[in-house]
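# All I have is the shape, not the residue letters:
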């Protein structure tokens with residue numbers, strides 16, 4: 001899986017590329033039965049609501065501070081690509097690499 005994040009004019013973009021036969025994938029079993037369970041071909045669009053940056057440290061206020069996130073992507077049997085865009089949404093970057 002390849003992921004890239006870009007910020008342009010207060011809009012946050014995330015680009016993702018997935019390949020069905022990725023090597024060294026720790027979630028291989030889960031992906032095989034969820035993400036890659038079907039052979040799909042086509043375009044897709046999704047709109048989600050995510051928590052905004054404003055008052056993020058007050059979880060009780062999250063319901064009043066939702067922003068829209070739009071996702072546009074393509075499925076071509078063995079690979080998927082999509083990008084998401086939102087303005088004012090909270091993004092938390094997780095570093096999964098273990099430090100020794």
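Sure thing, it's come through. Fair warning: this is a prediction, and the values are worked out from it, not measured in the lab.
# can we go C-alpha only for contacts and neighbour counts from here?
OK.
# My reading is that residue 29 lies in a helix. Confirm?
Yes - counting by DSSP: H, G, I helix; E, B strand; the rest coil, residue 29 is part of a helix.
# That one: neighbour count?
The tally of other residues near residue 29 (other Cα atoms under 10 Å) stands at 9.
# can you pull the contacts of it?
For residue 29, the contact set (Cα atoms under 8 Å, 6 or more residues apart in numbering) is empty.
# any idea how far the helix or strand encompassing residue 5 is from the chain center?
Per DSSP states H and E, residue 5 falls inside strand 2-8. Distance, stretch centre to chain centre, for strand 2-8: 11 Å (Cα atoms, centre = their mean, to the nearest Å).
# That one pairs with which strands, and in what direction?
strand 11-19 (antiparallel) (DSSP bridges).
# Check which residues of the partner strand are buried.
Neighbour counts over strand 11-19 (16 or more other Cα atoms under 10 Å) mark 12-13, 15, 18 as buried.
# Where do the strands of this structure begin and end?
Under the criterion DSSP state E, strands of the chain are mapped to 2-8, 11-19, 41-51, 66-76, 79-87.
# Format those strands as a markdown table; extra columns: distance to residue 30.
A markdown table is the format used below for the strands of the chain (distance: least, Cα to Cα, whole Å):
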| stretch | distance to residue 30 |
| --- | --- |
| strand 2-8 | 18 |
| strand 11-19 | 14 |
| strand 41-51 | 21 |
| strand 66-76 | 19 |
| strand 79-87 | 16 |
